[in-house]
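Colleague: Model the structure of this input:
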Amino acid sequence: MTVCFLVPDIHALQTGGNVYNRRIAAELRPETPVRIVRWNPVETPASRLDLSGTDVIVADSLLAQHPDALRAVHAEHPAASFVLLVHYLRCVDPNREDDDGTGDERATLEIVEGAVTTSRFTRRALVDEGLPPEQAKVARPGLGEQYRGTCPMRLGDGPPRLLTVANLLPEKGLRSFVDVLRRLRDLSWTWTLVGDASLDPEYAAGVFRRLRAARLTNRVTWSGPVSPDTLRTWYDRADLFVLPSRFETCSLSTREAMARGLPVVGYRVGGLPENFGDAAAGHLVPAGNDPALRAALRSLLVDPMTRAQMAAAARRQSRLFPTWVESTDRFREALTTLHARTAENA
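Modeller: Down below sits the predicted model:
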């Protein structure tokens, strides 16, 4: 079985979806022949893509906004199985209006032979959208070995250090989170934001303006995007992980933070609760409830003992996360099953 990952032209950037794509592709090799093809459907017609000899085309869900282009790819390679790899879709995000690109995504779901998702939540959402259950598979993200080592001793010296790993995009809820922090100025804390500002410069500029208006810049460090090796250093310097996203299908950064012994505070949205399981690994509050998020942060900022207990619970829970080899085994099984269905129906 030969596999081609059809990915958008931002494939090199440090996003959770891109990290997943790269790690799965790397682990599939050399047992499975794999190619990664970057594609901008607006600039390059399907006929110019070299996908010859491919048994399974795995299309990143960022391309789902271009159903006509994907339909043309499928027509060019009718013998190949067409699988959607779902990191995010507007049509499964409850914050999106039905006319906000969701129609194009639903059209894409009618083209593909199946989908692989990164959480049970997303699988259920796709089935609700009409994808037959047998065509929706789950392959949760792996956890890199660099995150499984011994955790640092957090001595409680200095103010508690908050960490957020999220690219500066509207769906990450960073502007409203600045307002949450503004109402916590009576407490001692610092906040480090790790993420790329280039994906939506206008939104990122608004985050920085709001920080200045809230007079919080002296408490905040923005690192920009960092490599996975450097990212572990940021986790190990922190005391508490905060993810104010209004929606997440899974959240790779949350899983990494838990593995480095950080309690997590965020909203109970999408697939995020699946990372916790039954563990008391932090606080997930109702979606969009900023006062509840603020109260959860306050309770942990002033209570280092509870922070330590939740940190230990997060660490224990992270031991259940699969390795990338295990995740790739699930991914390969999913592709094999979906490809066999395609061959049967040919």
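Colleague: domain assignment for this structure?
Modeller: As assigned by automatic domain parsing, the chain contains the domains 3-141+323-345, 145-318.
Colleague: For the shortest one, what is the distance to the chain centroid?
Modeller: Here the centre of domain 3-141+323-345 is set off from its chain's centre by 15 Å, with Cα atoms, centre = their mean, to the nearest Å.
Colleague: ends of that domain, how far apart?
Modeller: 19 Å (Cα to Cα, to the nearest Å).
Colleague: that older thread, let's have the domains of the chain in JSON lines, adding mean neighbour count and mean pLDDT.
Modeller: In this view, the C-beta of every residue, glycine as well, is placed from N, C-alpha and C. JSON lines is the format used below for the domains of the chain (neighbours: other Cβ atoms under 10 Å; pLDDT from 0 to 100):
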{"stretch": "domain 3-141+323-345", "mean neighbour count": "18", "mean pLDDT": "93"}
{"stretch": "domain 145-318", "mean neighbour count": "18", "mean pLDDT": "95"}
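Colleague: Now do the contacts for Val302.
Modeller: Counting by Cβ atoms under 8 Å, 6 or more residues apart in numbering, Val302 touches Leu187.
Colleague: how close does it get to Val3?
Modeller: 51 Å (Cβ to Cβ, to the nearest Å).
Colleague: What residues are bridge-paired with Thr164?
Modeller: Leu193 (DSSP bridges).
Colleague: just checking, it touches Thr190?
Modeller: No - if you go by Cβ atoms under 8 Å, Thr164 and Thr190 don't touch, sitting 11.8 Å apart.
Colleague: Hmm, Phe177 and Val168 touching each other?
Modeller: Check again: residue 168 is Leu, not Val. No - under the criterion of Cβ under 8 Å, Leu168 is not in contact with Phe177, lying 11.4 Å apart.
Colleague: where along the stretch 201-346 of the chain do the strands fall?
Modeller: Taking DSSP state E, counting those that start in this stretch as the criterion, the stretch 201-346 of the chain contains strands spanning 220-222, 240-243, 264-267, 282-285.
Colleague: Tell me the strands beside the first one, with direction?
Modeller: Using DSSP bridges, the strands paired with strand 220-222 in its sheet are strand 190-194 (parallel).
Colleague: Tell me how far the strand it pairs with lies from the chain's centre.
Modeller: 19 Å.
Colleague: what's that strand in contact with?
Modeller: By Cβ under 8 Å, 6+ apart, strand 190-194 touches 159-166, 168, 174, 181, 216, 219-226, 231, 234, 237-238, 242.
Colleague: Same check on stretch 197-217?
Modeller: By Cβ under 8 Å, 6+ apart, the list of residues contacting stretch 197-217 reads 10, 13, 167-170, 174-175, 178-179, 181-182, 185, 191, 220, 222, 224.
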